[in-house]
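**Q** pasting the sequence and the predicted model now:
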Amino acid sequence: MSMLIAYRRRASALHATRASIGALYGVALASAALIVEHPLVLAGLFVAVLLAGRACGVSREMARTLRTLALPILLLSVLVNVLVSRGGLTVFARLGYFGPLGQVNLTVEAAAYGLLVGVRLLIAALAAVLISGAVDPDELLRSLRRLYPSSALAATVATRLIPVLARDAERMADAQRCRPAGLPDGARARLGILRAVIAGSLDRSLDVAATLEVRGYGSGGRPARLGRSLSRHDAHFALAAIATFAAVIATRASGVAGFNIYPVLHLSFGVGVLLTALAVPALALAPFLDHRGIEP
Amino acid sequence: MSVLEVEGLSYRYPGAETPALDDVSIAIEPGEFCLLAGLSASGKSTLLRAACGLVPHFHGGEFAGRVTVAGLDTREHGPAAIGALAGTVFQDPETQVVMGTVRAELALGLENLGAPQATVARAIEEVALALGLGALLDRSTHELSGGELQRVALAAALAPRPKLVLLDEPTSQLDPVAGDELIWLLRRLNQEWDTAVLLIEHRLERCLAAADRVIVLDRGRVVSDADPGTFLGWAGAASPELQTPGARMFADLGIEPAPVGVRQARATLRARGMLEASGAAARGGSALDAHEHSGQRSRRLSWRRNAKRAPAAEALSMRGVWHELRDGPSILRGVELVLAPGERVALLGRNGAGKSTLLRHAAGLQTATRGRIERSGRVALLMQNPGDYFLHERVAEEASAAAIERVGLSALAQRNPRDLSGGERQRLALAIVTDSEQPPAVLALDEPTRGMDRGAKHALAGWLTERRSEETAVIVATHDVEFAAAFAERVLLLAEGRVIADASTAEVLSGGWYFTTETARILDGAGRALLPEDGRELLRARVAAAGKQHARPHEGGQDARPEVLR
């Protein structure tokens, strides 16, 4: 099963939005996830991202991302934080003295904080899936090409090569299965396959680069400004991105939805927290309520 | 001013011992439709790459001489600048499409030229309409089939309305219908827009009638540069591998001039009284029809024998096989197929008909969503890209010495597989997939003749035919109808995942418009003659029969013999 998330034009408000604003919306959700502290607000944001994915028809890709990444990200962040954090008073395991790490005591607070960081990263990853599936990469690269032609060239080659190479690798694996003895065994054989894939990818890169050359990519020309007016969806998602991000910043600055992990875990569920936990997903999801003109 | 002018061009790739091009001089005028012909490795693709500036800017190497495109010297202007004047389409569509959607792909060239948005939008609409891509504009490029990708690549090259279009075997991945459409579209654009076309093509019968001129390369040198008729005359004497099937049939019969296309061939035969008014009339009961009908009977009987033999021993059987994509269409729809040991079968059909999927199911690379597949032994599958099978630095390491000898590559055992020619790579991949003590029950090949010249195809057909002695059934998915006619005894025609025809090669290929050979088109399917040799025998029989009829005393005393007898 391919891990690639391919953009496909679907009937959704986010798909109908111009790429730059769609990307801004996704980045706002990811940034909000990295700023939010309170687990309840974070849960609200998590639900918002999942529902946005559902509205855009990328639920399956999100589910696949969760299946693949959730456990490794959560485990890793908890493990690292538990081992390196010196905060927290509720010790649940004493591992003794470990060289450069010194005395290692595992605390509930460190584990909880690690879990929180993992969830934040996971929401950011889901926001990236949302952007990949619902924001037209060509339109985005076009905007980038106007500003940074060289970087856009590299990005174009990379974005094109990833699916091409993924298909190459699948095909080569199939070809090796067609050998009478099946897929070769052993480290040397695997090294041979890796070498063949790399050699093939270099050939492919050259072919793609040659195509870009003859299409005039290196001529220094820049795409003309599109000069189209803001659509209703452009305006809605731009406002939603700004509002969601502002709400999160305001909440953090005011301390309404703050909570303390160290030294002892303490969660408060005041009105401010509940309101923020409801307001963030409401703001983020509001643009999806408008279904006018979303057909491809 | 010539749109392309090549003067004394010699070129050697970095590290190569021999030059790829040797003192080549040609000029192409605006509105000319030129074919670039030649055997494999004759320098055709290199000349094309020199015309678009990739040689020497992209590939490096030693370059001598001068190439100018609409006045721009390629030594001073790189491929990007040349790209504004010359659109280029290479062989592999997969690496020619760089953007995520068809619309963005078509816009790319014009945007790089800094064209205003309105110009870009209009060009996209027009080129999409011209190439029938309207429905694909907002599709993701990674969802497209090989044929669709090729059309998108062509549209992207044409969108800026270049003065010159350079195409390297653009029809190699297209089915006969799409291939013909593409050639005639090029001709139309060429006539209406005055766009010069330089087209590399191995299957010359496909495009010769549309061309104004044929340039032939041999070992990097121009050996012929003439109009199609003169070229065929030259090929008959100097390079028979380049003759079209129609020209070969005419040469065998001693008829001149060699025909440039089906229409001219039929006109010549009709003028000589060798072609009946219609195919139906040709089978109307005259003395010569006895020969034609006996031919039909023998072919039909031969196929019936195969059909009867098939159930007794089955190398492969597919019963009601479906391949249904989740949230997508059905690629195979209840396919029924039985292959007998030693049988040679061609699998034809339009792009996206399900040919490759059928072969993958046969080889066990995919699992049917419904239906049953049984194999009497291993199914060796050779997929479209032989390079995917290579893992080592030397040919000798890829397969056993016996297998390498069987495909005739022993002399190249120490070479790097990636340095082999297209035909040699194909043979090495065949050695890899058949490298076992027990020969495979079935050998399945997916588009094996892509990029091959006629000699290489002939050798491959011979090699596949020899597998009969090992009782290996051979099934080949191909768009090359001439190759199918040459090697197969049975043809399956696939359409939208269903087998719509399954009969002897003569029955399936002799009566169609597209899935048929040039010989059959010339003779309107008469006598079910598919190959030039069949056509030659049929026409000789006609002449002999007409001779016998006219040998009897004539009432009017006039000589009413066919022209060819006089």
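**A** Alright, I've got the coordinates. Numbers count the residues shown, from 1 in each chain, chains lettered A, B, ... in the order given.

**Q** how about the strands in the stretch 251-400 of chain B?
**A** B:316-324, B:330-339, B:344-349, B:370-375, B:379-382 (DSSP state E, counting those that start in this stretch).

**Q** what's the third one in contact with?
**A** To tie it back to what came earlier, the one meant is strand B:344-349. B:175, B:339, B:355, B:358-359, B:464-465, B:468, B:473-479, B:481, B:483-484, B:487-495, B:505, B:508, B:515 (CB atoms under 8 Å, 6 or more residues apart in numbering or on different chains). Using the backbone N, CA and C atoms, a C-beta is placed for each residue, glycine as well.

**Q** please redo it, this time with the cut-off set to 6 Å
**A** Strand B:344-349 is contacted from outside by B:355, B:474-477, B:484, B:487-495, B:515, using CB atoms under 6 Å, 6 or more residues apart in numbering or on different chains.

**Q** partner strands of it, with direction?
**A** strand B:473-477 (parallel), strand B:490-495 (parallel) (DSSP bridges).

**Q** and the helix or strand following the shortest one, what does it pack onto?
**A** Right, strand B:473-477. Using DSSP states H and E, the helix or strand that follows strand B:473-477 in sequence is helix B:481-487. Helix B:481-487 sits against helix B:454-466, with contacts defined as 3 or more CB pairs under 6 Å, 6 or more residues apart in numbering or on different chains; DSSP states H and E.

**Q** swap in 7 Å and give it another go.
**A** strand B:344-349, helix B:454-466, helix B:505-509 (3 or more CB pairs under 7 Å, 6 or more residues apart in numbering or on different chains; DSSP states H and E).

**Q** possible to save these as a markdown table with mean neighbour count?
**A** Formatted as a markdown table, the helices and strands packed on helix B:481-487 follow (neighbours: other CB atoms under 10 Å in any protein chain shown):
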| stretch | mean neighbour count |
| --- | --- |
| strand B:344-349 | 25 |
| helix B:454-466 | 18 |
| helix B:505-509 | 25 |
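
**Q** show me which of the contacts of strand B:344-349 are buried.
**A** The neighbour-count test (16 or more other CB atoms under 10 Å in any protein chain shown) marks B:355, B:474-477, B:484, B:487-494, B:515 as buried among the contacts of strand B:344-349.

**Q** between those, which is closest to A:L194?
**A** B:A477 (29.9 Å; CB to CB).

**Q** can you list contacts of stretch A:176-186?
**A** Outside stretch A:176-186, the residues within contact range by CB atoms under 7 Å, 6 or more residues apart in numbering or on different chains are A:192-193, B:363, B:365, B:378, B:380-381, B:432-433, B:435-436.

**Q** give me the domain ranges for chain B.
**A** Annotated domains of chain B cover B:4-243, B:244-309+B:518-549+B:558-566, B:313-517 [automatic domain parsing].

**Q** of those domains, which is nearest A:R146?
**A** Nearest of those (CB to CB): domain B:4-243, 9.5 Å.

**Q** how far off centre is that closest one?
**A** How far domain B:4-243 lies from its chain's middle: 16 Å, per CA atoms, centre = their mean, to the nearest Å.
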